[in-house]
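*Asks:* model this:
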Amino acid sequence: MSITSAKLAKNRFLNVAERLGDIASFLCAIHCIVHPFVMTLLPLLGLGFASNEVFMHRFLLIACVLVLTSLFISFRRHRRLLPFAWAVPGLIVMAVGVLYAEDYSIVLHKVMVTCGGLMVAVSSIVNMRLDRQAGHVHSFSLRRKVES
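*Replies:* Presented below is the predicted three-dimensional model:
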């Protein structure tokens, strides 16, 4: 494998990882926004496991890892901290909402998780816009057309 193909393979891997992080952060935001409204329907749909506390803790951990990984990969291109300024407080608000607020008030829990999810979604949108400004193309087919 030549140096050029090794570099392309690494870039392709980083692009796929970044894309997965973006998708996961959007799914997390959607989950956090919709969660309060569908929580009562989950057992009726056979999805009672999603209302489990352990499931929420694991979901939060996976979301944190994927969101921060995606932001770090993009940061290497655009060198802007603005996405972190949205994501880190959003993840903290979500973590406090999931880990502590439910013990005090279910309304507080829902508000914190929803607000944190919205902040993470905003960080992903800001991150993608900064990537676009830096000349990053997210689609493999478009990249091939640009390189040709």
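*Asks:* mind listing what's buried along stretch 107-127?
*Replies:* Within stretch 107-127, the residues that count as buried by 16 or more other Cβ atoms under 10 Å are 109-110, 112-124, 126-127. Every residue, glycine included, has its C-beta placed from N, CA and C.
*Asks:* hmm, I typed the wrong one, I wanted stretch 72-90.
*Replies:* 73, 74, 75, 78, 80, 83, 84, 86, 87, 88, 90.
*Asks:* also stretch 87-107?
*Replies:* 87, 88, 90, 91, 93, 94, 95, 97, 98, 101, 102.
*Asks:* can you redo those residues as TSV with secondary structure, distance to residue 16 and pLDDT?
*Replies:* Formatted as TSV, those follow (DSSP: H, G, I helix; E, B strand; the rest coil; distance: Cβ to Cβ, whole Å; pLDDT from 0 to 100):
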residue	secondary structure	distance to residue 16	pLDDT
87	helix	20	93
88	helix	24	95
90	helix	24	93
91	helix	22	92
93	helix	29	94
94	helix	25	89
95	helix	27	92
97	helix	30	89
98	helix	28	87
101	helix	35	82
102	helix	35	76
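*Asks:* next one, pLDDT for residue 5 please.
*Replies:* Residue 5 carries a pLDDT value of 59.
*Asks:* what does the one 10 residues further on give?
*Replies:* Confidence at residue 15, expressed as pLDDT, is 71.
*Asks:* tell me which element it is part of?
*Replies:* Assigned by DSSP states H and E, residue 15 belongs to helix 3-38.
*Asks:* after that helix, next one along is what?
*Replies:* With DSSP H and E, the next secondary element past helix 3-38 is helix 53-78.
*Asks:* how about that following helix: buried residues?
*Replies:* For helix 53-78, by 16+ other Cβ under 10 Å, it's 56, 59-60, 63-64, 66-71, 73-75, 78.
*Asks:* which helices and strands sit right next to that helix?
*Replies:* helix 3-38, helix 82-96, helix 106-133 (3 or more Cβ pairs under 8 Å, 6 or more residues apart in numbering; DSSP states H and E).
*Asks:* reformat the ones you listed as a markdown table; add distance to residue 44.
*Replies:* Below are the helices and strands packed on helix 53-78 laid out as a markdown table (distance: least, Cβ to Cβ, whole Å):
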| stretch | distance to residue 44 |
| --- | --- |
| helix 3-38 | 10 |
| helix 82-96 | 26 |
| helix 106-133 | 19 |
